[in-house]
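S.K.: Return a 3D structure for these sequence lines:
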Amino acid sequence: MTTPTDLYPTRGTAEVSVPRKDPVVWGSPDAPGPIPATGLQSYERDGFLAVDQLISDDEVTVCRRELERLVADPEIRADERSIVEPQSKEIRSVFEVHKLSPVFAALVRDERVVGRARQILGSDVYVHQSRINVKPGFGAGGFYWHSDFETWHAEDGLPNMRTVSVSIALTENLDTNGGLMIMPGSHRTFLGCAGATPKDNYKKSLQMQDAGTPSDEALTAMAGDYGIKLFTGKAGSATWFDCNAMHGSGDNITPFPRSNVFIVFNSVENTAVEPFAAPIRRPEFIGARDFTPVI
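M.R.: The predicted structure is shown next:
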């Protein structure tokens, strides 16, 4: 396989800022789908789209029970797809849940979910990554500021910014329990981070981000330019966001848990090649190499 031109250099000796070279919305603005034209316009401008209720209360209950079942299963805990908090030893994330669970497999295929991904990306899509994130109360760790595309480009080999994520809340997102934060408009600038990628970096980065982390100076400048949006909403709400949006979340030191299901859709026209800035590929449960379209 021939590696395409690297449009977004990263993990070099110095941090670099590169204007986005790809569209944000790849599909036609008038293409049929669950997102109205005004929603696509705001997604293109801001890099995200919030949906007040993507799934119903009854569906939330089913998903939450399935999350609890997976987290409590000793075989799942022992599986390499489960990531454990380094201090509390509680499960932080379980990857590839659309393959582990028929409940989450059905959610991926739901037209309210995959239909929006196809509409934004303008093509059939496959699941690049799926996981459940668990933030129990009293000390669950956050996710430091980062662009997902920086990692997926450097370590998984995604050539272009033709990938969209959705975070579906399974508990209420408050302004106090470690909710998602995004810098609106940051998706239009790619920040290439400094420092080489260690071998098997994923084993550390899934617990605490290191390689691929922006500098304090770059984050300060970006926050000054774009501001920071904190997402709140009841269980069943969802946030769609562009792969290059600068985002993160804080620790949850409240008694109120925050859990979500996170699905990453990539265009079948943007399939992964060899990593652009890492010595080896990440495992397939993190960066898929099965490009079968979701149907």
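
S.K.: Going by C-alpha atoms from here, please, whenever you check contacts or count neighbours.
M.R.: Will do.

S.K.: Which residues does Q129 form beta bridges with?
M.R.: Counting by DSSP bridges, Q129 forms beta bridges with V264.

S.K.: heads up, I number from 164, so please use that
M.R.: With the count now opening at 164, the last piece we talked about shows up as Q292.

S.K.: so it touches I426, yeah?
M.R.: Yes - look at Q292 against I426 with Cα atoms under 8 Å: they come within range, at 6.1 Å.

S.K.: If you count surrounding residues, which of those two has more?
M.R.: Neighbour tally, Q292 and I426, criterion other Cα atoms under 10 Å: the higher count belongs to I426, 27 against 20.

S.K.: ok, now which ones touch the more buried one?
M.R.: Residues near I426 by Cα atoms under 8 Å, 6 or more residues apart in numbering: 271, 290, 292-294, 328-330.

S.K.: Low-confidence ranges, this structure, go.
M.R.: Residue ranges of the chain with pLDDT under 70: 164-166, 366-373.

S.K.: Show the residue spans covered by the strands in it.
M.R.: For the chain, applying DSSP state E gives strands covering 179-182, 211-214, 245-247, 254-258, 288-298, 306-310, 326-332, 343-345, 352-355, 392-393, 401-405, 409-412, 421-430.

S.K.: other SSEs contacting the first one?
M.R.: For strand 179-182, the contact count by 3 or more Cα pairs under 8 Å, 6 or more residues apart in numbering; DSSP states H and E identifies strand 352-355 as packing neighbours.

S.K.: repeat for the fifth one
M.R.: Secondary-structure packing of strand 288-298 (3+ Cα pairs under 8 Å, 6+ apart): strand 254-258, helix 260-263, helix 274-284, strand 421-430.

S.K.: that older thread, can I get the strands of the chain in TSV with distance to A280?
M.R.: As requested, those are arranged in TSV below (distance: least, Cα to Cα, whole Å):
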stretch	distance to A280
strand 179-182	23
strand 211-214	12
strand 245-247	26
strand 254-258	20
strand 288-298	7
strand 306-310	19
strand 326-332	7
strand 343-345	19
strand 352-355	21
strand 392-393	22
strand 401-405	9
strand 409-412	19
strand 421-430	6
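
S.K.: Which of these sits closest to A374?
M.R.: With Cα to Cα as the criterion, A374 lies closest to strand 306-310 of the strands of the chain, at 10.1 Å.

S.K.: can you give me the angle the closest one makes with strand 401-405?
M.R.: Comparing the axes of strand 306-310 and strand 401-405 via axes from the mean of the first three to the mean of the last three Cα atoms, to 10 degrees yields an angle of 40 degrees.

S.K.: so how many other residues sit close to the closest residue to E335 other than its chain neighbours?
M.R.: Nearest-residue entry for E335: K397, 4.3 Å, with adjacent residues in sequence omitted and distances by Cα to Cα, 6 or more residues apart in numbering. For K397, the number of neighbouring residues by other Cα under 10 Å comes to 15.

S.K.: Same check on A235?
M.R.: Burial of A235 is recorded as 12 neighbouring residues (other Cα under 10 Å).

S.K.: From G413, how far out is it?
M.R.: Relative to G413, A235 is positioned 25 Å away (Cα to Cα, to the nearest Å).

S.K.: Equivalent analysis for P186, please.
M.R.: In this structure, P186 lies at 30 Å from G413, with Cα to Cα as the measure.
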